[in-house]
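*Asks:* sequence unknown, structure follows:
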């Protein structure tokens, strides 16, 4: 592509201090704020950052006094699915809980039924549509989970659709989440789940490895879903096949999922609404990222994860959208971060770090993404605003000019 100089940047956030601290106990000074800045890139890699007069390059782009920061990294999404569950929003407004909706035939199984009837082409189209929607709010790197098949054919179809979408937009990270729920049926649920775990281990995981369909493997560990023992078995088998564990942990009940994630050296433990003191301490002294999903708490009217306790314990936190057709259909990542600030009681600097560096670390991509520094990927957001603070001050209003 050749060298490009982006200049006339009123305010640039490099997040080099965040990178240096590995995303832990972040302060405003860690944002690496540079005034009157320029960025020189070559072949989508940052080559130089400076202030004042920019060096002349093959191409020179005037950003006209914009605010620039690294792209957001959404490390927890369910963007590949079919159907709608808008009726469930209304059901919850009438007093039904998420678990009650699921028991009545809604929830994950509702999306499973629709996804099983969809083609690879339809699922790929939906995936790319959702990628475009996320990009409109500054998200450049996007994790995409399977988990709406709960059988061999549909789980592989979902992952193939994600693989096809990745050819059109390379910054998609695929996660196998076959253990999202128990497959539907009329026989004993425990027996059905046990049989499906055998299918995951003996059929799905080998096929996924052969096709190179997933980087991560995730399991929904919670009451009514998968047990601690079952999650351990699945994730250990996934590790044998080169997939890094992730874990839906301690969302509805405390199952000591966070501690298990650390024990398994998982990339992240996600949700954490009911994480225990033991889990907080484990995350604080580990390399496992604590991924918070405040949009889901907001939408379901649930408690928020104890972000400040996790930060004080030394954990690297990420913030993800958990965009999905049921428990959180909000794709506005900027709003998700604003909710984290107002409801999880973290600082703006901590929210930015969690939405950039923390998300990258949760996907094992922190060397390339989550900051702008020499050698990092040149994927950044450009805002028409006076300060990065306005992104949060004017929450719900999108002032993004472009994701570059």
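*Replies:* Now that the structure is in, tell me what you want to look at. Quick caveat: nothing in here was measured; it's all calculated off a predicted structure.
*Asks:* Mind listing what's buried along stretch 8-19?
*Replies:* Neighbour-count burial for stretch 8-19 flags 9-19 (criterion: 16 or more other Cβ atoms under 10 Å). To be clear about C-beta, it is placed using only N, CA and C from the backbone, and glycine gets the same treatment.
*Asks:* Check the separation of the first and last residues in stretch 383-398.
*Replies:* 9 Å (Cα to Cα, to the nearest Å).
*Asks:* quick one on the thing from earlier: mind picking the two most distant members of the buried residues of stretch 8-19?
*Replies:* Spatial extent of the buried residues of stretch 8-19 (Cβ to Cβ) is set by the pair 10 and 19 at 22.4 Å.
*Asks:* From residue 173, how far off is the closest residue to residue 163 other than its chain neighbours?
*Replies:* In space, residue 163 comes closest to residue 213 once its chain neighbours are excluded; the distance is 6.0 Å by Cβ to Cβ, 6 or more residues apart in numbering. According to Cβ to Cβ, to the nearest Å, residue 213 stands 12 Å off from residue 173.
*Asks:* How about residue 402?
*Replies:* 22 Å.
*Asks:* out of these two, which sits in the more crowded spot?
*Replies:* residue 173 (22 against 13; other Cβ atoms under 10 Å).
*Asks:* and the helix or strand the more buried one falls within, average pLDDT?
*Replies:* Assigned by DSSP states H and E, residue 173 falls within strand 172-179. Here strand 172-179 scores 98 as its mean pLDDT.
*Asks:* Sketch out the helices for the stretch 301-404 of the chain, chain order is fine.
*Replies:* Applying DSSP state H, counting those that start in this stretch to the stretch 301-404 of the chain gives helices spanning 307-313, 333-343, 348-353, 359-362, 390-393.
*Asks:* would you list these in JSON lines and tack on mean neighbour count?
*Replies:* Below are these laid out as JSON lines (neighbours: other Cβ atoms under 10 Å):
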{"stretch": "helix 307-313", "mean neighbour count": "19"}
{"stretch": "helix 333-343", "mean neighbour count": "23"}
{"stretch": "helix 348-353", "mean neighbour count": "26"}
{"stretch": "helix 359-362", "mean neighbour count": "32"}
{"stretch": "helix 390-393", "mean neighbour count": "18"}
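*Asks:* which helices and strands sit right next to the helix or strand where residue 262 lies?
*Replies:* Secondary structure from DSSP H and E places residue 262 in helix 257-263. Judged by 3 or more Cβ pairs under 8 Å, 6 or more residues apart in numbering; DSSP states H and E, the packing partners of helix 257-263 are helix 228-240, strand 244-249, strand 268-271, helix 277-284.
*Asks:* Minimum distance to residue 370: which of those has it?
*Replies:* Residue 370 lies closest to strand 268-271 among those, at 13.6 Å (Cβ to Cβ).
*Asks:* who are the neighbours in contact with residue 102?
*Replies:* 108-109, 224 (Cβ atoms under 8 Å, 6 or more residues apart in numbering).
*Asks:* Tell me which residues of stretch 216-223 come out buried.
*Replies:* Applying 16+ other Cβ under 10 Å to stretch 216-223 flags 216-222 as buried.
*Asks:* Show the average pLDDT along it.
*Replies:* 97.
*Asks:* With stretch 229-244 instead?
*Replies:* Taken as a whole, stretch 229-244 carries a mean pLDDT of 98.
*Asks:* what does it contact?
*Replies:* Contacts for stretch 229-244 (Cβ under 8 Å, 6+ apart): 176, 179, 193, 197, 200-201, 205-206, 208-209, 214-217, 219, 221, 226, 245, 247, 257, 260, 264, 266-267, 364.
*Asks:* Now restrict those to buried residues only.
*Replies:* Judged by 16+ other Cβ under 10 Å, buried ones among the contacts of stretch 229-244: 176, 179, 193, 197, 200-201, 205, 208-209, 214-217, 219, 221, 226, 245, 247, 257, 260, 264, 266-267, 364.
*Asks:* show me the contacts for the residue nearest in space to the middle of the chain.
*Replies:* Among the residues of the chain, the one closest to the centroid is residue 75, at 1.9 Å (Cα atoms, centre = their mean). For residue 75, the contacting residues are 143, 173, 268, 289, 291, 318, 320, 358-360, 362-363, by Cβ under 8 Å, 6+ apart.
*Asks:* where are the low-confidence patches of this protein?
*Replies:* Along the chain, the parts satisfying pLDDT under 70 run over 1.
*Asks:* how is it carved up into domains?
*Replies:* The chain breaks down by automatic domain parsing into domains covering 3-70+370-403, 73-362.
*Asks:* Could you check how far the last one is from the centre of its chain?
*Replies:* For domain 73-362, the distance between its averaged C-alpha position and the chain's averaged C-alpha position is 8 Å (Cα atoms, centre = their mean, to the nearest Å).
*Asks:* distance between the ends of that domain?
*Replies:* End to end - Cα to Cα - domain 73-362 spans 9 Å.
*Asks:* same deal with stretch 305-321?
*Replies:* Note: stretch 305-321 ends 14 Å apart using Cα to Cα.
*Asks:* and if you look at stretch 113-129?
*Replies:* 21 Å.
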